[in-house]
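Quick one, structure for this:
(one chain, ligands or ions: 1)
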Amino acid sequence: MPLPDPADSSQNASARALRVLVLGGTGFIGRHAVAALHASGTQVSIGSRHPERHESNYPFAVLRLARFEQLLHPDAWAPLLKDVDVVVNCVGILRQRPNESYDDVHHRAPAALAVACAGAGIKLIHTSALALHEGAQSRFLSSKLLGEYAIEASGGDYAIVRPSLLDGEGGFGARWLRGLSRSPIQFIPRGARGGIAAMAATDLGQAFAALAALPSLASHREVELGGTRRYGYAEYLRELRADYTGTRALQIPLPNWAARLGAHVCDALHFSPFSYGHWILLQRDNMPSPNRLPELLGREPLPIRSPGAPTIRRRPGAVHAGKIGPHDLPDTPAG
Ligand SMILES: NC(=O)c1ccc[n+]([C@@H]2O[C@H](COP(=O)([O-])OP(=O)(O)OC[C@H]3O[C@@H](n4cnc5c(N)ncnc54)[C@H](OP(=O)(O)O)[C@@H]3O)[C@@H](O)[C@H]2O)c1
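Below you'll find the model as predicted:
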């Protein structure tokens, strides 16, 4: 049988739609990635631990079984990577579960995936986080850093995407922060001094679609993304609250030991998105450097705001006490 002509197959490849596998495509970030990729004409497939549960939500996509704890060797990935040009990995766990360790989900499975992608000539776009650093006393954070190192060592064509805090519909953390912002009394850990470049999850989805469409990821090995504004944690809650209620909350400083204890209790009880790893991150800057979001979107990032509420634009010098005042100009809602 004659061998296929490589020239023919590359012509076919350029004629057909890009085939992208989104791992964790049913999660908060993954859903936004899937939506943007589908809208751009990409042929999307989704990796999930429970494909049967999600099939009806994604009539345009093929769902494939993907359990990271069972995908720790490059060979194990081969069936999932069949007929795929690009993989977008949006899988992550906030807390470990039986048989699902941070090391397996954030490090060893992505390491095996990266080797498998490198061997098959598949591009890999991996979701990580800002402010990861050596020596962090959190297995949540250190496993993510080890995952990054393994992908860098794979020799493949990859991009490691580090988004800032995300706001948007359906996010566990986003929902909690919106809820906290509505509380009239808010406890603000004294050490939560890091800057946050909060961004809209819809923008992250579009950034993934832009990256997936690139012929090579060589100039996008480390992609840090965020909104254009630098918030402190207290200020971020104030801004969300202003959008929701137009009033100010009483913000009470919380000693660092109490914040740390609270984070450990939340971890032990699997309660809320506040974990010890996030307490460490809150104390550091979570600012993208450089911020490649405007370049990938070809426009300014969307502002952070509650759905349907007018964006509040402050006149220079406006002073706030209580209700939103006459110096605040409502913008027409965007998008
Ligand atoms: N949310 C943020 O603000 C933010 C900001 C920066 C970075 N990140 C990082 O981005 C990643 C995703 O965040 P997210 O907010 O989208 O989380 P999420 O909503 O919990 O989604 C994660 C997805 O991963 C999949 N998953 C979980 N365990 C798995 C396993 N053992 N094997 C295979 N798939 C598994 C799940 O899909 P199935 O249930 O379908 O299996 C889940 O929907 C995390 O690593 C997070 O740290 C998040």
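
Run through the residues of the stretch 151-300 of the chain sitting next to the ligand.
Residues of the stretch 151-300 of the chain found near the ligand (C-beta under 6 Å from any ligand atom) are Pro163, Leu165, Leu166, Gly171, Phe172, Gly173. Every residue, glycine included, has its C-beta placed from N, CA and C.

Convert the C-alpha atoms of stretch 185-198 to PDB, please.
C-alpha atoms of stretch 185-198 as PDB (Å, rounded to 0.1, in the frame of the first residue of the first chain):
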ATOM      1  CA  ILE A 185     -19.300  43.000  57.700                       C
ATOM      2  CA  GLN A 186     -16.100  41.700  56.100                       C
ATOM      3  CA  PHE A 187     -13.000  40.400  57.800                       C
ATOM      4  CA  ILE A 188      -9.800  41.300  56.000                       C
ATOM      5  CA  PRO A 189      -6.700  39.500  56.900                       C
ATOM      6  CA  ARG A 190      -3.900  42.000  57.700                       C
ATOM      7  CA  GLY A 191      -1.400  40.200  55.600                       C
ATOM      8  CA  ALA A 192      -3.600  40.000  52.500                       C
ATOM      9  CA  ARG A 193      -1.600  42.700  50.800                       C
ATOM     10  CA  GLY A 194      -0.800  41.200  47.500                       C
ATOM     11  CA  GLY A 195      -2.100  42.800  44.300                       C
ATOM     12  CA  ILE A 196      -4.800  41.100  42.300                       C
ATOM     13  CA  ALA A 197      -5.300  41.700  38.600                       C
ATOM     14  CA  ALA A 198      -8.800  40.100  38.600                       C
END
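
how close does the residue of the stretch 51-200 of the chain found nearest the ligand get to Glu100?
Nearest residue of the stretch 51-200 of the chain to the ligand, counting by C-beta to the nearest ligand atom: Gly92, 1.8 Å away. Gly92 is 11 Å from Glu100, where distance means C-beta to C-beta, to the nearest Å.

Kindly report the same for Val34.
From Val34 to Glu100 the distance is 22 Å (C-beta to C-beta).

Compare these two (neighbour count), which wins?
More crowded of Val34 and Glu100, by other C-beta atoms under 10 Å: Val34, with 29 against 14.

Surely that one forms part of a helix?
Yes. Per DSSP: H, G, I helix; E, B strand; the rest coil, Val34 lies within a helix segment.

what's the closest non-adjacent residue to it?
Gly25 (4.6 Å; C-beta to C-beta, 6 or more residues apart in numbering).
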